[in-house]
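Novice: Sequence below, structure please.
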Amino acid sequence: MKKYFFIFSSFIVIISILTYIFLIPHPTKLDMTYPSFMTAVTNNQVKNAYLSPNDNFFQVELVNKPNILYRIPNPKTDNFTEYLLLHNITVQYGNENALLNAFRIFVIVLIIGAMIYLSKKGNPKNFNIFDSNKNKNKENKELITLDQVAGNVEAKSMVQDIIDFIKDPEKYSDVGARMPRGLLFYGPPGTGKTLLAKAIAGEANVPFYAMSGSDFVQMYVGVGASRIRNLFQKAKKNEKAVIFIDEIDAIGKHRARSASASNDERDQTLNALLTEMSGFHENKGIIVIGATNRLDTLDEALLRPGRFDRQIEINLPDFNSRQTILTHYAKQKPISDDVNLEALSKSTVYFSGAMLENLLNEAAINAANDSNTVITQEHIDRAFYTILAGSPKMDLSFLTDKDKKITAYHEAGHALATKILQPEHFISKVTIIPSVRGTGGFNLSIPSDTQYQTKEQIIASIQVLLAGRAAEELIFGSSNITTGASNDIQKASSLILNYINKFGMDQDMGLFSMDVLEKNYDNQLVNRCREHINDLYDKTLSLLTNNQELLEQITAELIEKESLNHDDIKRICA
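Specialist: Sure thing, here's the model as predicted:
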C-alpha cells in the first residue's frame, strides 16, 4: 500500500510541475511611466488593472497586448479606482492572477509534503544527513571464527586475550587488569584486517558493528560527530560488542595546530570518538577496533593508553601463510590435479590475502570462459600474469619486426642481469608480447622471502633495472636507445636515492638523512645519486658486453618463442 501511495504522490508532483511550466501562462512584466499610463487610459488602451492599496506599484494589461503586464507607480489617491472604472477598465484587487498564485502555493505544499513523506517512509539516506548511517551500522550477524581466517598467525595469537576479555571481563578486573579499550590493526591493503575484526566478534559471540571512517566525513560541521555518538549508543545497548572502524585515518589524522589550517568537521568527529572511548569504563566488554594503511598519519591522542593502546601489525603473508590461504580458497573451487599450490605460493611473493583470493577467482573465470569444469595450472598462470602485467594484446599486427627485435634485446638484458646478479631469484616469465597496460614486454622474477635487503642486493636490483637500456645501447648504439626504459630509470632513481639518503649506505654521504631538514634535497645529494647511478650503468654495460653471446641466445629464442620461463633461461645460461 505504501508503495502505491509513493508512486501516486510522485505522479501528482510531476504532473503539477509540468502543468505549471507548460499550461499556466507566465506573462511578461515591463515598467511604464505614470504619464504614459494616463495617455493609454485616455486612448482607451487599458483593459485590466490590478491594484493593491498598500503596494507602491500597480499593474495593468493593455487591450492589444494581452500577455504583457506593465508595472506603474501607485498614486494612492482616493478617487483613483473610480477614475479607472469611468474609463471602462476592469479593476481587480490583489495579484494579477489569483488562480496562478493559488496553484503556486499548491505545488510548493505538495513538494514539501512529498519530501517529508520520503524522509520518513522512503530512503532516509537522501534526506536525513544525521541518520544516513542508520543502515550501515546495524549489527552484522554474518560472523566468522578465527579458524576461517587463513594466515595471520601472529596477529591471531595477539587477540586471544581480547576475545577472552570480552567473554569474561570479570576475570581480568578481579586481578586489577585493564584491558585495552581499542585495538588498531595496521598494514598493507588486503591483508585481512576487516576479516580478523569480524572473527574476534564471532569468537566472542557478540554483536559486530562495522563502518568506514569515510562514512563520518561530511561537509556539514557536526554531522560526523553525531554519527559517532549514534554508533556508540547502539553498541552500548548491548553489554558486549565489537565496534570496527575501517579507514580510521579518514577521521583520525593529525589535527592542525593553527586555526586557519584546521578542519572543524574532522576535528569535531575525532573529538567525539575520543570522548566516547574515554567513557568506556562503565561499559565492560565493548572493544573498538580501528584499521588503517597509514599508521604514521594518525593523531597522537588516538594512540595513547586508554584509546587505541594496542597496535597490531598485519603484514603481507609469508610463504607458509600464502600456502594456507591458497589451500583455504582452493577448497571452494574445482582444482585440477596438475595445480601445484606449493609452487604457486613461492611465486606469489608480495601478494596479500585479497590478491591471492582474486588470483584463484580470475583463474576460475578463465576456466569458465574456456568451458572447462575444473581449474588447471594454465588457467592459474594466465590469471597470475594478467594480474601482474595486464592481459596480453590480441592484435599484434601493429608490431613491426624492428620493434620486436628492440623489445627482445631489452627484455633479454633484464633476464641475463637477473640470472647473473640475482641467482636466488626465480625468473618466472620473460615475454615480448605487449600488454593492454601499455608495456612492450615484461620480465617477471620472483625474489625469495626475506625480511631485509642487503647493500649488495639493492645494488643488484638497480643494475637489473638498468640492464634493459644497457642492452639497447650495446646492440644498437647510444644514438638509437629508445623510450622503453623510462619506467626502469624512475625505479632505479628511487632506489639509489633511498640507498644513499634513507638507508645511509653510501660512504661519502654517510649516515645523515636530508629528510629531517624538511627541505628540497641539496645539490650534493643529487650529484651523488647521479654519479652512483651512472657508475652502476657503466658496470651493467660491461657485464652485458662480457656476456654478449648469452644475450644474443636469449634474444633469439625470445623472438622465436615470444615467451620464455625459468627453465629456458637456466638452459641457455648453463
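Novice: So which bits of the top strand by length along the chain are buried?
Specialist: Among all segments of the chain classified by DSSP state E, the strand with the greatest residue count is strand 65-73. By neighbour count, with 16 or more other Cβ atoms under 10 Å as the criterion, the buried positions of strand 65-73 are 69-72. Yep, even glycine has a C-beta here, placed from its N, CA and C like the rest.
Novice: Against which helices or strands is that strand packed?
Specialist: Secondary-structure packing of strand 65-73 (3 or more Cβ pairs under 8 Å, 6 or more residues apart in numbering; DSSP states H and E): strand 28-31, helix 34-42, strand 57-62.
Novice: would CSV of the ones you listed with mean neighbour count, mean pLDDT and distance to Ile569 be doable?
Specialist: Compiled in CSV, those are given as follows (neighbours: other Cβ atoms under 10 Å; pLDDT from 0 to 100; distance: least, Cβ to Cβ, whole Å):
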stretch, mean neighbour count, mean pLDDT, distance to Ile569
strand 28-31, 10, 80, 83
helix 34-42, 14, 88, 97
strand 57-62, 20, 88, 92
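Novice: To Ser212, which of these lies closest?
Specialist: Closest approach to Ser212 among the helices and strands packed on strand 65-73 (Cβ to Cβ): strand 28-31, 52.2 Å.
Novice: and the closest one, which strands flank it?
Specialist: Here the strand partners of strand 28-31, with direction, are listed using DSSP bridges: strand 65-73 (parallel).
Novice: Need the residues that contact the next helix or strand after the partner strand.
Specialist: Moving toward the C-terminus from strand 65-73, the first helix or strand encountered (DSSP states H and E) is helix 80-86. Counting by Cβ atoms under 8 Å, 6 or more residues apart in numbering, the neighbours of helix 80-86 from elsewhere in the structure are 41, 46, 49, 51, 91.
Novice: in helix 80-86, what's buried?
Specialist: Along helix 80-86, the positions that meet the burial threshold by neighbour count (16+ other Cβ under 10 Å) are 80, 84.
Novice: tell me the mean pLDDT over the helix or strand just after it?
Specialist: The first helix or strand that comes after helix 80-86 along the chain, using DSSP H and E, is strand 90-93. When pLDDT is averaged over strand 90-93, the result is 83.
Novice: Sheet partners, orientation included, of strand 90-93?
Specialist: Next to strand 90-93 in the sheet, as set by DSSP bridges, lie strand 46-51 (parallel).
Novice: Average pLDDT for the partner strand, rounded please.
Specialist: 88.
Novice: from the chain's centre, how far out does it sit?
Specialist: Centroid separation between strand 46-51 and its chain, computed with Cα atoms, centre = their mean, to the nearest Å, is 64 Å.
Novice: Export the buried residues of strand 65-73 as a markdown table, with columns for pLDDT and distance to Asp246.
Specialist: Formatted as a markdown table, the buried residues of strand 65-73 follow (pLDDT from 0 to 100; distance: Cβ to Cβ, whole Å):
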| residue | pLDDT | distance to Asp246 |
| --- | --- | --- |
| Leu69 | 86 | 60 |
| Tyr70 | 88 | 65 |
| Arg71 | 88 | 61 |
| Ile72 | 89 | 66 |
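Novice: Can you give me the domain assignment for the protein?
Specialist: Per automatic domain parsing, the domain ranges recorded for the chain read 26-96, 146-313, 319-389, 401-573.
Novice: helices and strands around the strand or helix carrying Leu270, which ones?
Specialist: Under the criterion DSSP H and E, the helix or strand holding Leu270 is helix 264-278. Using 3+ Cβ pairs under 8 Å, 6+ apart as the contact criterion, the secondary-structure elements in contact with helix 264-278 are helix 223-236, helix 249-252, helix 300-303.
Novice: okay if I get the buried residues of strand 65-73 as CSV plus distance to Gly441?
Specialist: CSV is the format used below for the buried residues of strand 65-73 (distance: Cβ to Cβ, whole Å):
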residue, distance to Gly441
Leu69, 76
Tyr70, 79
Arg71, 77
Ile72, 82
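Novice: Looking at those, which is nearest Arg307?
Specialist: Nearest member of the buried residues of strand 65-73 to Arg307, counting by Cβ to Cβ, is Arg71, at 66.1 Å.
Novice: Test of understanding: give the bridge partners of that closest one.
Specialist: For Arg71, the beta-bridge partners under DSSP bridges are Asp31, Gln59.
Novice: these two touch, right, it and Asp31?
Specialist: Yes. Counting by Cβ atoms under 8 Å, Arg71 does reach Asp31; the two are 5.2 Å apart.
Novice: hmm, back to that, which one of the helices and strands packed on helix 264-278 lies closest to Thr373?
Specialist: Checking the helices and strands packed on helix 264-278 against Thr373 by Cβ to Cβ gives helix 249-252 as the closest, at 44.1 Å.
Novice: got a list of contacts for that closest one?
Specialist: Contacts with helix 249-252, where a contact means Cβ under 8 Å, 6+ apart, come from 212-214, 216-217, 224, 245, 266, 269-270, 273, 290, 292-294, 297-299, 302.
Novice: Would you mind giving me the PyMOL syntax to select the buried ones in those?
Specialist: In PyMOL, selecting the buried portion of those, with burial taken from 16+ other Cβ under 10 Å, looks like this:
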select buried, resi 212+213+216+217+224+245+266+269+270+273+290+292+298+299+302
